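Q: 3D, please:
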Amino acid sequence: MATIDNDQALRAALEQMTPEQQRRLGARFAQHVMHLSRDERVDRAIAAGVSEDASPGELSDAFKAARAYAVKTYTDCGKDTDWMAQADHFVAAAAAAALTPDDLMAEKQNRAWKAAVQARMAVTCAMMEDDDASATDEAREQYALASAFAGL
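A: Next up is the predicted model:
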């Protein structure tokens with residue numbers, strides 16, 4: 001496979017991955033924006049997601065924790081302009097996307113792609129508060145993470 005340097009190549013690479021590989025890479029995408037998280041349960045969920053030897057029970061608990069926090073913080077999105085709170089929400093959403101159990105996945109969904117998009121949303125929100133944040137840089141970082149993960 002060629003180098004991953006755009007979204008089309010990223011999506012093609014992600015489609016070739018097993019569900020477990022999608023989970024681990026998606027969790028790495030979430031891990032890259034974890035500094036925007038305000039909840040240690042989400043941080044622990046991300047750690048479980050990147051683990052190669054997390055048990056099914058640990059992964060289930062991690063998904064439930066990340067999903068519950070994403071749902072809880074969703075109601076705050078749009079109420080005000082606390083951009084960092086919204087970034088926090090999208091980190092949790094990225095973690096939950098990466099950890100989504102097989103039985104909750106739609107046929108054409110991809111955990112890693114959904115996590116990548118949610119992580120980019122977290123960075124986009126952070127950009128409103130921090131001039132140094134860049135969605136373009138986040139996409140490039142995801143390309144590099146995916147390339148390294150795929151051994152390219």
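
Q: What strand or helix carries the closest residue to residue 110 other than its chain neighbours?
A: Excluding its sequence neighbours, the residue lying closest to residue 110 (Cβ to Cβ, 6 or more residues apart in numbering) is residue 14, at 5.2 Å. Heads up, the C-betas are built off the backbone N, CA and C, glycines and all. Per DSSP states H and E, residue 14 falls inside helix 7-15.

Q: From the rest of the structure, what touches that helix?
A: 1-4, 22, 25, 110, 112-113, 116, 139, 142-143, 146, 150, 152 (Cβ atoms under 8 Å, 6 or more residues apart in numbering).

Q: cool, and stretch 96-112?
A: Taking Cβ under 8 Å, 6+ apart as the rule, stretch 96-112 contacts 11, 14-15, 17, 19, 21-27, 29-30, 45-46, 48-49, 59-60, 62-63, 66-67, 70, 114-115, 118, 146.

Q: List the buried residues of it.
A: 96-100, 110-112 (16 or more other Cβ atoms under 10 Å).

Q: Just the CA trace of the helix holding residue 14, in CSV.
A: This file holds the C-alpha atoms of helix 7-15, laid out as CSV (Å, rounded to 0.1, in the frame of the first residue of the first chain):
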residue,chain,number,x,y,z
ASP,A,7,-8.2,11.1,3.8
GLN,A,8,-8.9,8.8,0.9
ALA,A,9,-5.7,6.8,1.6
LEU,A,10,-6.5,6.8,5.3
ARG,A,11,-10.0,5.4,4.7
ALA,A,12,-8.7,2.8,2.3
ALA,A,13,-6.2,1.6,4.9
LEU,A,14,-8.8,1.6,7.7
GLU,A,15,-11.1,-0.6,5.6
